[in-house]
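> Let me see the structure of the following:
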Amino acid sequence: MASKFQAPRGTFDVLPAAGRARARLQAVATGIFERAGYEMIQTPTFEDTDLFERGVGKSTDIVRKEMFTFEDKGERSLTLRPEGTAPICRAYLEHGMHKQAQPVKLSYVGPFFRHERPQAGRYRQFHQLGIEAIGTDSPLADAEVIMLLSDLLGELGVPGVALRLGSLGSLDARAAYLEELKAHLHRHEGDLTADVRERIDINPLRAFDSDDAGVQGVMASAPTILDALSAEDQEHFDEVRALLDAAGIGYELDGTLVRGIDYYTRTIFSFVCDALGGQSEIGGGGRYDGLIEQLGGPATPAVGWAAGIERILLALDEEEPRRGRDAFVAIADPEQRRRAMALVTELRNAGFSAEMDLAGRGLKGQLKHADRIGAARVLILEAGGTAQLRDMASGEQRAADTGNLLGEMTGGEA
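Prediction:
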């Protein structure tokens, strides 16, 4: 039956079949994260707007065009979180996590919000999972987080995945390169879009991300940051590469790789999937050694990534099949409803998946429903307290002792 109401543009409903695929994805991720020592953190869905303006960067498209910002009743400016790293760094500072053993290794999953053009796998409300390792500048941390995303995509079976790897250098060391890049862009201003021209002196690196043919032509001859790394940054990047080589993780060096957020430094990376077409990134991240200091904390190195759940599921292009039930408790006599509820509860408490009729069906309808939901066995409660246990695969049926229900379910003594 149709309704005049629909989900808002850029949002979507997660129906049960898709929900099962999401649950599997999150279960696989949780296992990988926990084995590596990354613990779950949850931050609020909205934060002070200034957190993202300072952390993500006022020159980014996220802050300039995509944030859902509103004033609350106390006239405070709040924003639905467009990304997860700045809120986690805020929580790290607010709760004194710098006093804990470093690095603090955190994982997260949840909804995020950006006002961008909806398209396949990209929505205005979307979901990400990710990890952050805060409090270490070791190349080992860079390699570990990359390896964990590679492990996740591999275990899920995402096809056609490739890793692009780059470095932005440290904030101080790349200043000279940025001046060289600005000069190149100013020499070719006539071939640039208005948006790129506007940001030449604010964030020239964003020009590498443009899909405009004229801008791409200009950037083809632009100097790249990989050719301008300081000796210290080059040493760090070389060690990250050596660690990935040792772990057997293949990658493609990309001197034009940039991120859409200003806080990144040194190592950056992007996992792309050819099954996704033009919008091919499935997850990525990098090092952000200056972010916590920008938020008012001490200088604290950190590295992490985020991956789009909708993007991963689109690449997998599959739904998780519904798992059948261990048992269904059917009622041949309406007087047995309370007994049925007690037995269903006993089965569930013992770890079995079990259902009972909630719709007032007759016995024939209950058996048909049990078959529809894939129940392996049906316990039929009869008048007078007797019961029958039916094997749905073979159709065999026998008397059952409900006083030894768990033994009946396992074929032996409880």
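
> Check the offset of the helix or strand of the chain with the lowest mean pLDDT from the chain's centre.
In the chain, no helix or strand scores lower on mean pLDDT, DSSP states H and E than helix 61, which sits at a mean of 76. Its chain's C-alpha centre and that of helix 61 lie 21 Å apart, by CA atoms, centre = their mean, to the nearest Å.

> after it comes which helix or strand?
For helix 61, the following helix or strand on the C-terminal side (DSSP states H and E) is strand 69-71.

> What helices and strands are in contact with that following strand?
strand 77-80 (3 or more CB pairs under 8 Å, 6 or more residues apart in numbering; DSSP states H and E). The C-beta positions use only the backbone N, C-alpha and C, and glycine is treated the same way.

> Okay, buried residues for the strand it packs on please.
By 16 or more other CB atoms under 10 Å, the buried positions in strand 77-80 come out as 78, 79, 80.

> repeat for stretch 127-144
Buried, per 16+ other CB under 10 Å, within stretch 127-144: 127-139, 141-144.

> Kindly report the same for stretch 402-414.
Using 16+ other CB under 10 Å as the test for burial, stretch 402-414 gives 402, 405, 408, 409.

> Please list the residues outside that stretch that contact it.
326-327, 339, 343, 346-347, 350, 352, 377, 379, 381, 387, 389, 400-401 (CB atoms under 8 Å, 6 or more residues apart in numbering).

> Tabulate the CA atom coordinates of it in CSV.
Only the C-alpha atoms of stretch 402-414 are listed here, as CSV (Å, rounded to 0.1, in the frame of the first residue of the first chain):
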residue,chain,number,x,y,z
THR,A,402,8.6,-30.8,26.7
GLY,A,403,10.0,-31.4,30.2
ASN,A,404,13.3,-32.2,28.4
LEU,A,405,13.0,-29.7,25.7
LEU,A,406,16.7,-29.0,25.2
GLY,A,407,17.4,-32.7,25.0
GLU,A,408,14.7,-33.1,22.4
MET,A,409,16.3,-30.3,20.4
THR,A,410,19.8,-31.8,20.5
GLY,A,411,18.8,-35.4,20.1
GLY,A,412,20.1,-36.4,23.5
GLU,A,413,20.0,-35.6,27.2
ALA,A,414,19.9,-31.9,28.2
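
> of all the buried residues of strand 77-80, which comes closest to residue 217?
Using CB to CB, residue 79 comes nearest to residue 217 of these, at 35.9 Å.

> and that closest one, bridged to which residues?
When bridges are called by DSSP bridges, residue 79 pairs up with residue 47, residue 69.

> Contacts only, for it.
Residue 79 touches 46, 47, 48, 49, 51, 52, 67, 68, 69, 70, counting by CB under 8 Å, 6+ apart.

> Distance to residue 365 and neighbour count for those - can I get that in JSON lines?
Converted to JSON lines, these look like this (distance: CB to CB, whole Å; neighbours: other CB atoms under 10 Å):
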{"residue": "46", "distance to residue 365": "47", "neighbour count": "16"}
{"residue": "47", "distance to residue 365": "51", "neighbour count": "19"}
{"residue": "48", "distance to residue 365": "56", "neighbour count": "13"}
{"residue": "49", "distance to residue 365": "56", "neighbour count": "17"}
{"residue": "51", "distance to residue 365": "56", "neighbour count": "17"}
{"residue": "52", "distance to residue 365": "55", "neighbour count": "24"}
{"residue": "67", "distance to residue 365": "52", "neighbour count": "22"}
{"residue": "68", "distance to residue 365": "47", "neighbour count": "15"}
{"residue": "69", "distance to residue 365": "53", "neighbour count": "15"}
{"residue": "70", "distance to residue 365": "50", "neighbour count": "12"}
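
> Looking at the residues you listed, which is nearest residue 283?
Once CB to CB is applied, the member of the contacts of residue 79 that ends up nearest residue 283 is residue 52, at 20.3 Å.

> Phi and psi next, for the closest one.
phi -80, psi -30 (degrees, to the nearest 10).

> same thing with the one 4 residues further on?
When read as degrees, to the nearest 10, the backbone of residue 56 gives phi -80, psi -40.

> picking up where we left off before, now, among the buried residues of stretch 402-414, which is nearest to residue 63?
Nearest to residue 63 among the buried residues of stretch 402-414: residue 409, at 57.2 Å, using CB to CB.

> so which strand or helix has that closest one?
Residue 409 belongs to helix 405-410 when assigned by DSSP H and E.

> so for that helix, what's the average pLDDT?
Averaging pLDDT along helix 405-410 yields 84.
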